[in-house]
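Peer 1: pasted the sequence and its predicted model underneath.
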Amino acid sequence: MLLFPTILTAALAATGMAAAIPSRDDTTANKGTASLLQVRNPSFEFRHGPLALAKAYQKFGAPMPEDLRAAIARFRQNQKRTTGTIATDPEKHDVEYLTPISVGTPSQDLMVDFDTGSSDLWVFSTEMSTSDIKGQTVYDPNNSSTSEKVQGSTWKITYGDGSSSSDDVYLDTVTIGNLTVPNQAVEAAKKVSSEFTDDSHNDGLLGLGFSAINAVEPTPQNTFFDNIKGSLDAPLFTVDLKHGTPGSFNFGYIDPTAYIGNISWTPVDSSQGYWGFTSPGYAVGTGAFRNHSMSGIADTGTTLLLLPKSVVSAYYKEIQGAQYDSDQGGYIFPCSPTPPDFVFGVNNGIVTVPGDMVSYAPADSANQNCFGGIQKDTGIGFSIFGDVALKTSFVHLHSSIVPGHYADCD
Ligand SMILES: C[C@@H](SC(=N)N)c1ccc(Cl)cc1
Ligand SMILES: C[C@@H](SC(=N)N)c1ccc(Cl)cc1
């Protein structure tokens, strides 16, 4: 980890998150991608012709010839390093996205919430009281020949929505897709708050934030990504959440077919342990772009897009009948007509949240009013670009970088 901050400090000035610049009238521009790039690794560069050619095809949105696609596949296959991909499925209303992992020997398969806004891998376990378990699959360390208790280590986490979980720590084999970390810290829950008990399909969280904010005491543990990144083709992962349909987390490679568009990027601040960045401003629908610096984090573990109060009220002012409903603790508005798009800047590019995704979910049984997917970040101290913002983008989170990717998704 010592190496990491050094590189990070050295590179922060030159890091970048890419920003596509889809023109607003481009009908395909309903999605953008964002890369939060940590470090330009001087020794890392694409020398591979087919990959460069593939980028040219995707840059101009041309379909890739089959032989080129095959060449890229072979390139990946015979790399001495590895890459991985795993599907992630949205729960109802995209409230969270669940992704399969395997823990232990023989493997125990769990569905967990990949969370770029935290840095602990914790799971429901046989150490919990059964009253705290409602349908979740639990990890049984005693049923794994490779589990090893980390004596004296404990953990306790309270999340932004007040939910919490805690207790002891094992090292065990963890596999995601074709990627395996043999001695990953697996934090076995003894206690969880009701929000997790009631979240019956969610067997735990896999943190993809920075290990600096791992909650294990006395010795913080590494995230899965920090443990695996040394064996990846490139120390990066990409997040491609989608609305109401499976998306993917890719490790170690950037799928040139996952997006189209051109590229630029913006600096990242990981000083709080998050994938932090500052958006230069926003626009409502086809209105003019308004410069308004918004510092926040890319957070797959938060459902909504939480922004400064002034931005949120400026947006809802454009919707006939929108109002702040203190009973529901958020803005609601008539479900139809579709509200205007919300556009936010990422460096010199933009991400467009289509209006139909701003209507997060029905706010009443008559389905007349919808609860907004964009709400205030009051009291948090930073904005949160949660799933509502990410599912319209193909987001790259890099810990070492070549010019990042941020463009329209296909
Ligand atoms: C960083 C996220 S929690 C997470 N993604 N594990 C967060 C923090 C504070 C608030 Cl108030 C709401 C959400
Ligand atoms: C309370 C649980 S369930 C939920 N809010 N959908 C939870 C899940 C993910 C995170 Cl990052 C924090 C809390």
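Peer 2: Good, I have the coordinates. Residues are numbered from 1 along each chain as shown. Ligands and ions are numbered 1, 2, ... in the order given.
Peer 1: what's the spacing between the residue positioned nearest the centre of the chain and A188?
Peer 2: Nearest to the mean C-alpha position of the chain, counting by C-alpha atoms, centre = their mean, stands T300 at 3.5 Å. Taking C-beta to C-beta, to the nearest Å as the measure, T300 falls 23 Å from A188. Just so you know, the C-beta spots here come from the backbone N, C-alpha and C atoms, and that holds for glycine as well.
Peer 1: quick one: mean pLDDT over stretch 231-250.
Peer 2: Mean pLDDT, stretch 231-250: 92.
Peer 1: buried ones in that stretch?
Peer 2: 231-243, 247-250 (16 or more other C-beta atoms under 10 Å).
Peer 1: number of residues surrounding the residue in the chain positioned nearest to ligand 2?
Peer 2: For the chain, the residue closest to ligand 2 is G301, as judged by C-beta to the nearest ligand atom, at 2.8 Å. For G301, the neighbour count with other C-beta atoms under 10 Å is 23.
Peer 1: V284 too?
Peer 2: V284: 21 neighbours (other C-beta under 10 Å).
Peer 1: repeat that for the one 4 residues further on.
Peer 2: A288 is surrounded by 7 other residues when neighbours are defined as other C-beta under 10 Å.
Peer 1: swap in S270?
Peer 2: S270 has 22 neighbours, counted by other C-beta under 10 Å.
Peer 1: likewise the one 4 residues further on?
Peer 2: Y274: 24 surrounding residues under other C-beta under 10 Å.
Peer 1: ok, back up a step: how close does the residue of the chain closest to ligand 2 sit to ligand 1?
Peer 2: 3 Å (C-beta to the nearest ligand atom, to the nearest Å).
Peer 1: so L236 is in contact with V395, correct?
Peer 2: No: using C-beta atoms under 8 Å, L236 is not in contact with V395, being 11.0 Å away.
Peer 1: and stretch 303-321 with ligand 1, contact?
Peer 2: No: legend: contact between stretch 303-321 and ligand 1 by C-beta under 6 Å from any ligand atom is lacking; minimum distance shown is 7.0 Å.
Peer 1: which parts of this structure are helices?
Peer 2: According to DSSP state H, the chain carries its helices in the segments 3-12, 49-59, 66-77, 194-197, 224-228, 309-316, 355-358, 387-390.
Peer 1: out of those, the one nearest I332 is which?
Peer 2: Nearest to I332, of all those, is helix 309-316, at 9.3 Å by C-beta to C-beta.
Peer 1: just to revisit the earlier point, contacting residues around the residue of the chain closest to ligand 2?
Peer 2: 96, 113-118, 159, 205, 386 (C-beta atoms under 8 Å, 6 or more residues apart in numbering).
Peer 1: excluding its backbone neighbours, what's nearest it?
Peer 2: Ranked by C-beta to C-beta, 6 or more residues apart in numbering and with sequence neighbours excluded, the top spatial neighbour of G301 is D115, at 3.2 Å.
Peer 1: relative to ligand 1, how far out is that neighbour?
Peer 2: To ligand 1, D115 is 5 Å away according to C-beta to the nearest ligand atom.
Peer 1: and for P100?
Peer 2: Look at P100 and ligand 1: by C-beta to the nearest ligand atom, they are 20 Å apart.
Peer 1: before we move on, what about A361?
Peer 2: Plainly put, A361 is 18 Å away from ligand 1 if you go by C-beta to the nearest ligand atom.
Peer 1: sorry, back to before: does the residue nearest to the centre of the chain touch L390 like I think?
Peer 2: Yes: applying C-beta under 8 Å, one finds T300 in contact with L390, separated by 6.2 Å.
Peer 1: could you dump the helices of the chain to TSV with mean neighbour count and distance to P90?
Peer 2: TSV is the format used below for those (neighbours: other C-beta atoms under 10 Å; distance: least, C-beta to C-beta, whole Å):
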stretch	mean neighbour count	distance to P90
helix 3-12	14	32
helix 49-59	16	25
helix 66-77	13	27
helix 194-197	17	18
helix 224-228	23	21
helix 309-316	18	24
helix 355-358	19	12
helix 387-390	28	8
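Peer 1: the ones you listed into TSV, with extra columns for mean pLDDT?
Peer 2: Formatted as TSV, the helices of the chain follow (pLDDT from 0 to 100):
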stretch	mean pLDDT
helix 3-12	21
helix 49-59	78
helix 66-77	75
helix 194-197	96
helix 224-228	97
helix 309-316	98
helix 355-358	94
helix 387-390	94
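Peer 1: now render those helices as a markdown table, adding distance to ligand 2.
Peer 2: As requested, these are arranged in a markdown table below (distance: least, C-beta to the nearest ligand atom, whole Å):
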| stretch | distance to ligand 2 |
| --- | --- |
| helix 3-12 | 23 |
| helix 49-59 | 32 |
| helix 66-77 | 31 |
| helix 194-197 | 3 |
| helix 224-228 | 15 |
| helix 309-316 | 20 |
| helix 355-358 | 18 |
| helix 387-390 | 10 |
